[in-house]
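Participant: Give me a 3D structure for the following:
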Amino acid sequence: MRESPGRTRRGILAGAGAAVAASLAGCSGLPFGDDEATVTGEQLSRVIEESPPSIPDRIPVGMGRSYLDGVANELESALASVPAPFDAAQVPNGVIRDQLNRESETARETLASADEESTPWERAGSLRRARQETGYVAGGWAAVDDGRTIADVRAGGERLRGELDAFRRRWTYLGTDAIEATVVNAAIAGLVRACIGDLNRVLSARERESTTALDVAEADEQLASVRGELGDAVHIFDRLRGRDGVRDRRDALATAADALVDRVDERRAAAGLDEGAFTAEADGDALPAERALRDLRDGIRRGDIGETRDAGAFPQAIVGAHNALATIGAVETLRARIDAGEAIDPASAEDVDTIRTRAREAIVAVHADGEYPRLDRLQTHRLAAVLGYVDDELSHFDGDDEVALSRLNWELRDYVRIEAVARSVGDASAAVARALEGE
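Facilitator: Below is the predicted model of the structure:
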């Protein structure tokens, strides 16, 4: 079954390490006791009136405008070659026809919205999604109109596997300095990792007796993902390689990764985060800070950047260490706040506003004053995206909707978590910079 368009948006939260448990839409109709504090939709709209801060591109070697324009033009041509919306004469099967028509509309909307993204990196992400959706429509139509099969899709995957192998053979950890090499090559690595996963799914696809045009469409969607991810990775690397003063920074990154793995282990141990059972779900009366602390504490105990370092994926290990150090700092901040009785127990719209304002201002502060902005943006981009997502959830209420504050537990937790992590980003960036500079 295909994912709904909404899952793309929820993916923002997964990449940022935050999970919103449920949409708020409709929850105002749930019953609450007479003594529970409430807020109205109008009050919430005032809370989120000031937009999340705009953060410059996450990677210092941006996507070229001409390259992105070329991708957009390619996708426009591909969509124009498909005679959608389809009618019953073109696609007799009603289920297949309806699905292809929906996906065609979605592809066109995604492609159009890509031009509205605030940075080239974000535009590239939207274009990759548009490529996926376009691949689905074009593949499904080719299956109906020209007998395209899963085997044809796999053959395309084999060709792309050769291109991927060739790129990986020439990819090295270049940079004009170690920070640039870390940030840019970690972004390339993310694209390559996604490319490998999608390619494996393409190459493992098999015909079945029940295979339909929609199965071919799904396989072509994965193939389109491979093409987009690989194309973007190659483009970024070639732009990086063409910069003045660029050279191989692998040794510096390896040394920094070793030092940072040790540093994270030390900080985890000192904070008591390397042993014990995972915590249970917070009770209904838990403060937002207590919920945020629980999630951050459990999150830092998952994964092992040492394994990433041992695999030679030094940029990813360094970025993982940056995230770990920021998270540990957030845990320490929240513990101190809770122990001192300074955690807010929300009882009014003003408390919600305070919690949200602190989150936004924390991102603004590190963005404006951070000593290592290229490293800071590893976190601030994601934190700003999560802030925007949670704001969007709160915006679902009409002005006269009334909701118990207890219904905002998850959203307030995420605001608190954003603030705590943001306030730790500067120290994490400084620690990573020292390791990369060999201090």
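
Participant: how close does residue 295 sit to residue 286?
Facilitator: Distance, residue 295 to residue 286, by CB to CB, to the nearest Å: 11 Å. Bear in mind the C-beta positions are built from the backbone N, C-alpha and C, glycine included.

Participant: more crowded one of those two?
Facilitator: residue 295 (20 against 16; other CB atoms under 10 Å).

Participant: which residue packs closest to the more buried one, ignoring adjacent ones?
Facilitator: If the residues on either side of it in the chain are set aside, residue 295 comes closest to residue 417, at 6.7 Å by CB to CB, 6 or more residues apart in numbering.

Participant: Which strand or helix spans the one you found?
Facilitator: Using DSSP states H and E, residue 417 falls within helix 409-436.

Participant: any low-confidence regions in the protein?
Facilitator: Within the chain, the stretches with pLDDT under 70 are 1-35, 275-284, 303, 439.

Participant: 90 instead?
Facilitator: By pLDDT under 90, the low-scoring segments of the chain are 1-37, 55-62, 118-119, 209, 272-286, 298-304, 397-401, 406, 438-439.

Participant: before we move on, back to that, show me what the helix holding residue 417 is packed against.
Facilitator: The contact analysis (3 or more CB pairs under 8 Å, 6 or more residues apart in numbering; DSSP states H and E) places helix 409-436 against helix 178-204, helix 250-270, helix 288-300, helix 314-339, helix 349-369, helix 373-394.

Participant: can you tell which of those helices is closest to residue 117?
Facilitator: Closest of the helices and strands packed on helix 409-436 to residue 117 is helix 373-394, at 11.9 Å (criterion: CB to CB).

Participant: got the CA positions of the closest one in CSV?
Facilitator: Output in CSV follows, covering the C-alpha atoms of helix 373-394 (Å, rounded to 0.1, in the frame of the first residue of the first chain):
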residue,chain,number,x,y,z
PRO,A,373,27.0,28.2,12.3
ARG,A,374,27.8,25.4,9.8
LEU,A,375,27.7,22.9,12.7
ASP,A,376,24.8,24.6,14.5
ARG,A,377,22.6,24.2,11.4
LEU,A,378,22.9,20.4,11.7
GLN,A,379,20.4,20.9,14.6
THR,A,380,18.7,24.3,14.0
HIS,A,381,17.3,23.2,10.6
ARG,A,382,15.6,20.2,12.1
LEU,A,383,14.5,22.1,15.3
ALA,A,384,12.9,24.9,13.2
ALA,A,385,11.1,22.2,11.1
VAL,A,386,9.7,20.5,14.1
LEU,A,387,8.6,23.8,15.6
GLY,A,388,6.8,24.5,12.3
TYR,A,389,5.1,21.1,12.3
VAL,A,390,3.9,21.5,15.9
ASP,A,391,2.6,25.0,15.2
ASP,A,392,0.7,23.5,12.2
GLU,A,393,-0.9,21.0,14.5
LEU,A,394,-2.1,23.7,16.9
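
Participant: what packs against the following helix or strand past it?
Facilitator: Downstream of helix 373-394, the first helix or strand assigned by DSSP H and E is strand 402-404. Packing partners of strand 402-404 (3+ CB pairs under 8 Å, 6+ apart): strand 38-40.

Participant: still on that earlier bit, residue 437: which of the helices and strands packed on helix 409-436 is closest?
Facilitator: Taking CB to CB, helix 178-204 is the member of the helices and strands packed on helix 409-436 nearest to residue 437, at 7.0 Å.

Participant: by contact count, what packs against that closest one?
Facilitator: helix 150-170, strand 174-175, helix 213-241, helix 250-270, helix 314-339, helix 373-394, helix 409-436.

Participant: Now that helix: buried residues?
Facilitator: Neighbour counts using 16 or more other CB atoms under 10 Å place 178-192, 194-196, 198-199, 201-203 of helix 178-204 among the buried residues.

Participant: again with stretch 365-374
Facilitator: Buried-residue list, stretch 365-374, by 16+ other CB under 10 Å: 366-367, 370, 372-374.

Participant: who touches it?
Facilitator: The contact list for stretch 365-374 (CB atoms under 8 Å, 6 or more residues apart in numbering) reads 53, 55-56, 60, 179-180, 183, 376, 379-380, 422-423, 425-426, 429-430, 432-433.

Participant: residue contacts, residue 101?
Facilitator: Contacts were defined as CB under 8 Å, 6+ apart; by that measure residue 101 touches 84-86.

Participant: Kindly recompute the last result at 10 Å.
Facilitator: Residue 101 makes contact with 84-87, 91, 137, according to CB atoms under 10 Å, 6 or more residues apart in numbering.

Participant: what's the most distant pair in those?
Facilitator: Farthest apart among the contacts of residue 101 by CB to CB are 87 and 137. That separation is 15.0 Å.
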